[in-house]
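S.K.: after the sequence you'll find the predicted model.
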Amino acid sequence: MGLSSSRISGFAIERFLSGQHIALGFPTGQSFNAQLDEIARVSWEPRHLQAPGKYKDDGVDVFAFKPFGDNRAANIYILMQCAAGIHWRNKGRINLGRWTNYIQWYHEQIILSMATTDVVDKAEWNHQASEYGLLFDRLRIYRCLYSHGPVEQDCATMFFGGANHILSQRHEVHRPLRRCRRLS
């Protein structure tokens with residue numbers, strides 16, 4: 001069984017940042033408030049309000065961060081939505097106001113992001129970036145995963161179907177997609 005698009009996107013953004021990530025929502029096995037507690041702990045930011053019990057992830061599938069390693073707050077934080085379907089353009093923006101109520105961090109430290117299994121055309125790139133923030137489309141996810149050496153997880157070739165062909169048409173690929181080894 002392959003990895004979900006949010007797990008693959010989490011690994012990609014982790015490699016992009018040379019940082020870390022936490023997957024939110026289903027199927028983590030933790031409540032959303034427990035996940036928020038963990039985010040506050042690893043980011044050294046104060047935990048504030050509890051999220052309503054009905055929220056599974058409040059629109060965020062991946063929390064990525066690049067800590068300085070000095071056990072202090074004010075690091076780089078990315079809140080990422082992930083969308084595997086063709087209707088990702090209809091998703092609403094992440095409500096940053098609610099997220100700054102859950103954890104007391106400053107807007108200036110947070111980057112909003114969208115990951116999609118779609119390839120975003122250059123003609124619509126700026127519009128989508130202005131709507132969702134830092135974009136990770138299929139091509140960027142692929143590049144992030146493969147620009148830092150082999151991936152230790154199942155690469156879910158279904159997810160990357162056609163990525164080599166598109167990249168080679170743009171003269172942007174340096175090595176073909178290959179199967180990745182599984183961790184035991």
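M.R.: Received the coordinates, thanks. None of these values were measured; they are calculated from a predicted model.
S.K.: work out for me the element Ile81 sits within.
M.R.: Careful, residue 81 is Gln and not Ile. strand 76-83 (DSSP states H and E).
S.K.: what strands flank that strand, and is each parallel or antiparallel?
M.R.: Partner strands and pairing direction for strand 76-83 (DSSP bridges) are strand 62-66 (antiparallel), strand 110-116 (parallel).
S.K.: can you give me the helices in the chain?
M.R.: Remark: helices assigned in the chain by DSSP state H are 5-17, 32-43, 96-102, 122-132, 138-146, 163-169.
S.K.: could I get these as TSV with distance to Ala64?
M.R.: All C-beta spots, glycine's among them, are computed from the backbone N, C-alpha and C. What follows is those, written out as TSV (distance: least, Cβ to Cβ, whole Å):
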stretch	distance to Ala64
helix 5-17	4
helix 32-43	11
helix 96-102	14
helix 122-132	15
helix 138-146	11
helix 163-169	21
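S.K.: turn these into a markdown table, columns for mean neighbour count.
M.R.: Below are the helices of the chain laid out as a markdown table (neighbours: other Cβ atoms under 10 Å):
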| stretch | mean neighbour count |
| --- | --- |
| helix 5-17 | 23 |
| helix 32-43 | 18 |
| helix 96-102 | 16 |
| helix 122-132 | 12 |
| helix 138-146 | 22 |
| helix 163-169 | 14 |
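S.K.: residues contacting stretch 120-133, please?
M.R.: Contact with stretch 120-133 is made by 81, 89, 91, 93, 111-114, 135, 137, as judged by Cβ atoms under 8 Å, 6 or more residues apart in numbering.
S.K.: so where's the chain uncertain?
M.R.: 1-3, 148-184 (pLDDT under 70).
S.K.: quick one: closest of the strands paired with strand 76-83 to Gln50.
M.R.: With Cβ to Cβ as the criterion, Gln50 lies closest to strand 62-66 of the strands paired with strand 76-83, at 17.0 Å.
S.K.: what's in contact with the closest one?
M.R.: 6, 9-10, 13-14, 17-24, 39, 42-43, 75-80, 82, 113, 115.
S.K.: buried residues in stretch 62-72?
M.R.: Under the neighbour-count criterion of 16 or more other Cβ atoms under 10 Å, stretch 62-72 has 62-65, 67 buried.
S.K.: go on, stretch 44-62?
M.R.: Counting neighbours by 16+ other Cβ under 10 Å, stretch 44-62 gives 45, 47, 51, 55, 57-62 as buried.
S.K.: need these in TSV with distance to Phe32, can you?
M.R.: Below are these laid out as TSV (distance: Cβ to Cβ, whole Å):
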residue	distance to Phe32
Glu45	17
Arg47	13
Ala51	5
Tyr55	5
Asp57	6
Asp58	7
Gly59	11
Val60	10
Asp61	12
Val62	14
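S.K.: great, nothing more from me.
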